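1. predicted model and sequence follow; I will ask about them next.
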Amino acid sequence: MIYKGRVWKFRDNIDTDAIIPARYLNTSDPKELAAHCMEDSDPQFVNKIKTGDIILGGENFGCGSSREHAPIAIKEAGISCVIAKSFARIFYRNAFNMGLPIFESAELWAAIKEGEEITVDSSAGTITTTTEGRTFRINPIPPFMEQLIADGGLMKHIAKKW
Amino acid sequence: MGYTITEKILMTHTDLKEIQTGQLINARVDIALGNDITAPIAIKEFRKAGGKKIFDQNKVVLVLDHFTPNKDINSAMQCKFVREFALEQKVTHFYEGGNVGIEHALLPEQGIVLPGDLVIGADSHTCTYGGLGAFATGVGSTDLAAAMLTSELWFKVPQSMKFIISGNLQKWVCGKDLILYIISRIGVDGALYKAMEFTGETISKLPMADRLSMANMVIEAGAKNGIFPPDAITKEYVEKKAKRKYTFYSSDADAVYSDVIEIDGSKIEPQVAFPHLPSNVRGVSAAGNVKIDQSLIGSCTNGRIEDLRIAAQILRGKKAAAEVRLIVVPATPAIYKQALQEGLLEIFMDSGAIISPPSCGACLGGHMGILAAGERAIATTNRNFVGRMGHPQSEVYLASPAVAAASAILGRIASPAELA
Ligand code: SF4
């Protein structure tokens, strides 16, 4: 799969409260959640992004609570994929389980500026910047996870054999 | 090559004869937990996948504790949705209303989770049950849906880190201080994807309430699970509560660990995690003059009867500072009743405390204790992220019940030793 968009950079340890604050968890409606995506980190975030844009986090992205509302809010806001130096494990599970593509890259964060446009090619395992054509590697995804994404998430994967 | 307790519990929940760290496995779950925030999504996913019947009505546990008593119409709708599902599926362990408590205090107390179990919960603090010697980990709503449907879930077998803690703890130092200290040493991703196993002479004497409170916070170091090998203290705790069989597992002598960390527990003073990370920890003596607006004693980390007893011991005959809102939240109805019978609630009321019904409410900035911009709280909870208890410009400091009680009296972050 190819994901192309502008990059929005965030710090290390972006927790799920920063992605979707608990005060909005009295609903699971994706549209309402998306309206508050990243609100406590950047109140203007949802107004600035375009469909297809990419979130770039530092270490331990998505730490904190298990709320699936976090990847739901990101996906519904129109973000095509999330790249980070590393992910917290429940966020990592949730993303694959619901079919939000996420990638690990150690070097990208330091190497590019906010707003730069990049292309992620998940099958080639590369990230390329549009203007300068610089290329970075992404960590390969375990085959089982690739299967989850290809099937459209965990429930569809289970439905195949259930 | 031997196995760790975590590996053993995972393996016995599969048909595999051997497993390795890093391996992806499908394992049977003994208990699958959801709450009023996470269960609605799980139920929708369950239905979307064509689910008609949950795998076992005794093994799916639904606890409506986060926004209850319902704080607004949306919360009421979410709870109604879960309640209807629970009734339709004849879920044995469904909690709402007078029987509801904070899930991670409630499940061990009610004997729903037991040693040797494999527990998943759509709540990150599901790791609490590691205190009992169970493998317990937080997952998402879709995971819960999958488990409710198939009784199984995928797991990656984690590496284990071993913490060996020795020495006698100083006065006022408890499990909460130990875990805050450990998180400050290894960082909020110091145990990412790993199991944290706690052993040593200090641990072997540590009461169950403290073990649960420590296991509760391993997620704050990024861990998959925390685990305390079960022993005589575990046996005493579960013996009368258990209504089914349970198993004590232990790590083999030649089990492999990614890290072994030794800690002298006698050197640790009461700890405080400053905003906005649980790893931003200082000893209380180095806290400086931090004025507070609110002190919250409760949550799945420290809302047990033992915690309330310590707080009451400090608050007895004293008043919370006039400018401080002191909120005490007994974590379950049984704890509430016990506190009532022991006279603790009277002590709290005389000290000017607000006593909340068992609820997550204030802990996650949900309701009943929200902070305004610029306000500071000391809390016995487990997270101090930006906006965790209210306005993004408010601040949360994490500490033990002893420190939270002393701070309420003095109006600033303080050690109970200052009151002597
Ligand atoms: S008390 Fe706080 S940390 Fe514990 S389950 Fe409730 S909201 Fe989560």
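-> Received it, and whenever you're ready, just let me know what you need.

2. for the rest of this, base every contact and every neighbour count on C-alpha atoms.
-> Fine.

3. and the pLDDT for residue 102?
-> No chain specified, so I'll use chain A. You'll see A:Ile102 listed with a pLDDT of 95.

4. wait, chain B was what I had in mind.
-> 98.

5. quick one: low-confidence parts of chain B?
-> Along chain B, the model assigns pLDDT under 70 to no residue.

6. and if we set it to 90?
-> Scanning chain B for pLDDT under 90 picks out B:1, B:420.

7. for it, what spans make up the helices?
-> B:5-12, B:39-48, B:73-88, B:103-109, B:141-150, B:175-186, B:201-204, B:208-216, B:232-239, B:299-302, B:305-315, B:333-341, B:344-350, B:401-410 (DSSP state H).

8. over to chain A?
-> Taking DSSP H as the criterion, chain A carries its helices at A:16-19, A:30-34, A:45-48, A:69-76, A:89-98, A:108-111, A:143-151, A:154-161.

9. now those as CSV including distance to the ligand?
-> CSV is the format used below for these (distance: least, Cα to the nearest ligand atom, whole Å):
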stretch, distance to the ligand
helix A:16-19, 12
helix A:30-34, 18
helix A:45-48, 26
helix A:69-76, 15
helix A:89-98, 14
helix A:108-111, 31
helix A:143-151, 28
helix A:154-161, 25
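
10. near the residue in chain A positioned nearest to the ligand, how many other residues are there?
-> The nearest approach of chain A to the ligand comes at A:Ser65, 7.6 Å away (Cα to the nearest ligand atom). Look at A:Ser65: counted by other Cα atoms under 10 Å in any protein chain shown, it has 26 neighbours.

11. so B:Ser359 sits against B:Asp65, correct?
-> Yes - between B:Ser359 and B:Asp65 a contact is recorded at 5.4 Å, counting by Cα atoms under 8 Å.

12. which neighbours do the two have in common?
-> Counting by Cα atoms under 8 Å, 6 or more residues apart in numbering or on different chains, the shared contacts of B:Ser359 and B:Asp65 are B:Val100, B:Gly101, B:Ile102.

13. quick check: residues of chain A near chain B?
-> Within chain A, the positions near chain B by Cα under 8 Å from any Cα of the partner chain are A:13, A:15, A:17-18, A:21-23, A:25-28, A:40, A:60, A:63-68, A:88-91, A:93-94, A:97-98, A:154-156, A:158-159, A:162.

14. mark which of those residues are buried, thanks.
-> A:13, A:15, A:17-18, A:21-23, A:25-28, A:40, A:60, A:63-68, A:88-91, A:93-94, A:97-98, A:154-156 (16 or more other Cα atoms under 10 Å in any protein chain shown).

15. check contacts around the residue lying closest to B:Val188 once chain neighbours are set aside.
-> Using Cα to Cα, 6 or more residues apart in numbering or on different chains and skipping the chain neighbours, the partner closest in space to B:Val188 is B:Ala221 (4.1 Å). B:Ala221 makes contact with B:Ile183, B:Ile186, B:Gly187, B:Val188, B:Asp189, B:Gly190, B:Ala191, B:Leu192, B:Ser279 under the criterion Cα under 8 Å, 6+ apart.

16. can you redo these as a markdown table, where the extra columns are neighbour count?
-> Below are those laid out as a markdown table (neighbours: other Cα atoms under 10 Å in any protein chain shown):
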| residue | neighbour count |
| --- | --- |
| B:Ile183 | 26 |
| B:Ile186 | 14 |
| B:Gly187 | 19 |
| B:Val188 | 26 |
| B:Asp189 | 24 |
| B:Gly190 | 20 |
| B:Ala191 | 24 |
| B:Leu192 | 25 |
| B:Ser279 | 26 |
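
17. most widely separated two among the residues you listed?
-> Spatially, the most separated pair among the contacts of B:Ala221 is B:Leu192 and B:Ser279, at 13.8 Å (Cα to Cα).

18. which secondary structure elements does the helix or strand of chain A with the lowest mean pLDDT contact?
-> Here the helix or strand of chain A ranked lowest by mean pLDDT, DSSP states H and E is helix A:143-151, holding a mean of 85. Contact partners of helix A:143-151 among helices and strands, from 3 or more Cα pairs under 8 Å, 6 or more residues apart in numbering or on different chains; DSSP states H and E: helix A:89-98, helix A:154-161.

19. what's the angle from the shortest one to helix A:89-98?
-> I take that to be helix A:154-161. Computed with axes from the mean of the first three to the mean of the last three Cα atoms, to 10 degrees, the direction of helix A:154-161 lies at 50 degrees from that of helix A:89-98.

20. can you lay out the helices of chain A as CSV showing distance to B:Thr12?
-> CSV is the format used below for the helices of chain A (distance: least, Cα to Cα, whole Å):
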stretch, distance to B:Thr12
helix A:16-19, 33
helix A:30-34, 38
helix A:45-48, 46
helix A:69-76, 32
helix A:89-98, 23
helix A:108-111, 41
helix A:143-151, 22
helix A:154-161, 22
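
21. output the strand ranked longest in chain A as PDB, restricted to C-alpha atoms.
-> Assignment by DSSP state E gives strand A:2-9 as the longest strand of chain A. In PDB, the C-alpha atoms belonging to strand A:2-9 read as follows (Å, rounded to 0.1, in the frame of the first residue of the first chain):
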ATOM      1  CA  ILE A   2       1.000   3.600  -0.700                       C
ATOM      2  CA  TYR A   3       0.300   6.400   1.800                       C
ATOM      3  CA  LYS A   4       1.000  10.000   0.700                       C
ATOM      4  CA  GLY A   5       0.600  13.100   2.800                       C
ATOM      5  CA  ARG A   6       2.000  16.000   4.800                       C
ATOM      6  CA  VAL A   7       3.700  15.100   8.100                       C
ATOM      7  CA  TRP A   8       2.500  16.400  11.500                       C
ATOM      8  CA  LYS A   9       5.100  15.900  14.200                       C
END
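
22. in that strand, what counts as buried?
-> Buried, per 16+ other Cα under 10 Å, within strand A:2-9: A:Tyr3, A:Lys4, A:Gly5, A:Arg6, A:Val7, A:Trp8, A:Lys9.

23. now the second one: closest residue in space, sequence neighbours ignored.
-> When you say that, I think you mean A:Lys4. Of all residues not flanking A:Lys4 in the chain, A:Thr119 sits nearest, at 4.3 Å (Cα to Cα, 6+ apart).

24. of B:Ser359 and B:Asp65, which one has the most company?
-> B:Ser359 (27 against 24).

25. contacting residues for the more buried one?
-> B:Asp65, B:His66, B:Phe67, B:Thr68, B:Pro69, B:Val100, B:Gly101, B:Ile102, B:Ser299, B:Val329, B:Ala331.

26. which of those sit farthest apart?
-> Every pair of those checked by Cα to Cα; the farthest is B:Pro69 and B:Ser299, at 15.4 Å.

27. which one's more surrounded, those two?
-> Taking other Cα under 10 Å, B:Pro69 and B:Ser299 do not tie; B:Ser299 has more neighbours (30 against 21).

28. go ahead and confirm B:His391 touches B:Arg376.
-> No - using Cα under 8 Å, B:His391 makes no contact with B:Arg376, being 10.4 Å away.

29. between those two, which has more neighbouring residues?
-> Counted by other Cα under 10 Å, B:His391 and B:Arg376 do not tie: B:Arg376 has more neighbours, with 23 against 19.
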